[in-house]
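Peer 1: Need the 3D shape of this:
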Amino acid sequence: MIKFKVKVMLAMREMTQKELAEKTGIRPPTISALCTNSAKHLPIDVLDKICAVLECQPSDLIEYISE
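Peer 2: Just a heads-up that it's a prediction; the model follows:
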């Protein structure tokens, strides 16, 4: 199972989902879906924008958990 850690990264940077949406240009529902692990896919351009704003690596945002 893939788990998104966007919410954790936002908390570490004291940033809200709304702020991330504004800084990346990504729709708020998409950010919310990533934060609640309900996203079905993650386009590379979205991942790129989030990494740029949060100054992190993709591995900081995504974790694989074996079932």
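
Peer 1: So, low pLDDT: which residues of this protein?
Peer 2: In the prediction, the chain carries no residues with pLDDT under 70.

Peer 1: Now with 90, please.
Peer 2: Applying pLDDT under 90 to the chain flags residues 67.

Peer 1: Okay, buried residues for the top helix by length along the chain please.
Peer 2: Counting residues, the longest helix found in the chain (DSSP state H) is helix 44-54. Within helix 44-54, the residues scored as buried using 16 or more other CB atoms under 10 Å are 46, 49, 50, 51, 53, 54. The way it works is simple: take the backbone N, C-alpha and C, and place the C-beta from them, glycine included.

Peer 1: any chance of the residues you listed in JSON lines, with distance to residue 19 too?
Peer 2: Shown next, in JSON lines, are the buried residues of helix 44-54 (distance: CB to CB, whole Å):
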{"residue": "46", "distance to residue 19": "16"}
{"residue": "49", "distance to residue 19": "13"}
{"residue": "50", "distance to residue 19": "12"}
{"residue": "51", "distance to residue 19": "16"}
{"residue": "53", "distance to residue 19": "9"}
{"residue": "54", "distance to residue 19": "11"}
